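In: Everything below, folded, please.
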Amino acid sequence: MTGADRQIHLVGDVDTEAVALIARAVTPVPGGIGPVTDVWLIRNTVAAARGAQQAAGGASVRARRISQPGPGPCMS
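Out: Here you go, the predicted model:
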């Protein structure tokens, strides 16, 4: 977003004050919990895949370690 000072500012997509009374937690922008959220999303996706395959009577899903190429553009 471009502010009154004609500089670009990062803004979030939540009105923090409006949700403060009903939300358990709100993360700041910039500097939120992106990488942690990514890890939990992957973990939950693998758990869901394992559960679906076991329910269908198929083989279990095995995790495979991958190498990490380095920090992404948001982790400088």
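In: For Ala4, the count of nearby residues, please.
Out: When neighbours are defined as other C-beta atoms under 10 Å, Ala4 has 6 of them. Placement of C-beta: from N, CA and C, glycine included.
In: Please disregard the earlier target; I meant Ala47.
Out: Using other C-beta under 10 Å, Ala47 has 11 neighbouring residues.
In: Equivalent analysis for the one 3 residues further on, please.
Out: For Arg50, the number of neighbouring residues by other C-beta under 10 Å comes to 14.
In: just the helices in this protein please.
Out: Using DSSP state H, the helices of the chain run over 16-19, 34-55.
In: Turn those into TSV, including distance to Thr27.
Out: Output for those, formatted as TSV (distance: least, C-beta to C-beta, whole Å):
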stretch	distance to Thr27
helix 16-19	10
helix 34-55	9
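In: now the ones you listed as CSV including mean pLDDT?
Out: Formatted as CSV, those follow (pLDDT from 0 to 100):
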stretch, mean pLDDT
helix 16-19, 82
helix 34-55, 84
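In: Relative to Leu10, which of those helices is closest?
Out: helix 34-55 (12.5 Å; C-beta to C-beta).
In: and the closest one, what other elements does it pack with?
Out: Helices and strands touching helix 34-55, by 3 or more C-beta pairs under 8 Å, 6 or more residues apart in numbering; DSSP states H and E: there are none.
In: For His9, find the nearest of the helices of the chain.
Out: Using C-beta to C-beta, these put helix 16-19 closest to His9, at 14.9 Å.
In: Tell me which residues are up against that closest one.
Out: Residues outside helix 16-19 that contact it (C-beta atoms under 8 Å, 6 or more residues apart in numbering) are Val26.
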